[in-house]
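# could you look at this predicted model? Sequence included:
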Amino acid sequence: MEDSDAVLAANLQFYQAFTTRDAAAMDTLWAQRAPVACVHPGWPPLVDRQSVIESWRGILSNPESPRIVCYDERVFLYGDTALVICEEELAGGTLIASNWFVREDGDWRMAHHQAGQLVARRTAAPRPRPERLN
């Protein structure tokens, strides 16, 4: 599998864990040795693995957590690190997200996630809305 495809697969695993509220899968996806950080919309930054994983456990255990669809993923490779920029569709609107991955033991693991409200769109032609759920 090409690196860009493997990164996209890891990114999809992140959104599948979110959608299925699978805290164990979310924990497995995050890097073990690399420094990690997470900025949830409206939250202060979380800058250590324990805080990041605890935040996801809280979010995923909440039955009111939103359903989310990821689309328009773009991968940028930087050796053993990679960035995915994508849009997240939720009932309340659209967020723009950046997901940073590092290669650990041959697998791509998340090292950073940040999402925030998408206020302005590009001037390009409108894209069709996603038809799939993660």
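Yep, that arrived.
# tell me which stretches of the chain form strands.
Per DSSP state E, the chain carries strands over the ranges 37-39, 69-78, 81-90, 93-104, 107-117.
# format these as TSV; extra columns: distance to I53, mean neighbour count and mean pLDDT.
Heads up, the C-betas are built off the backbone N, CA and C, glycines and all. Shown next, in TSV, are the strands of the chain (distance: least, Cβ to Cβ, whole Å; neighbours: other Cβ atoms under 10 Å; pLDDT from 0 to 100):
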stretch	distance to I53	mean neighbour count	mean pLDDT
strand 37-39	9	18	97
strand 69-78	20	15	95
strand 81-90	20	18	96
strand 93-104	15	19	95
strand 107-117	11	19	95
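# of those strands, which is nearest A25?
Within the strands of the chain, the stretch nearest A25 is strand 107-117; the backing value is 11.4 Å (Cβ to Cβ).
# of all the strands of the chain, which one is nearest Y15?
Comparing the strands of the chain by Cβ to Cβ, strand 69-78 comes nearest, at 4.4 Å.
# JSON lines please, covering the strands of the chain and showing distance to D3.
Shown next, in JSON lines, are the strands of the chain (distance: least, Cβ to Cβ, whole Å):
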{"stretch": "strand 37-39", "distance to D3": "22"}
{"stretch": "strand 69-78", "distance to D3": "6"}
{"stretch": "strand 81-90", "distance to D3": "7"}
{"stretch": "strand 93-104", "distance to D3": "8"}
{"stretch": "strand 107-117", "distance to D3": "8"}
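# of all those strands, which lies closest to Q16?
By Cβ to Cβ (comparing all of the strands of the chain), the closest turns out to be strand 69-78, at 9.5 Å.
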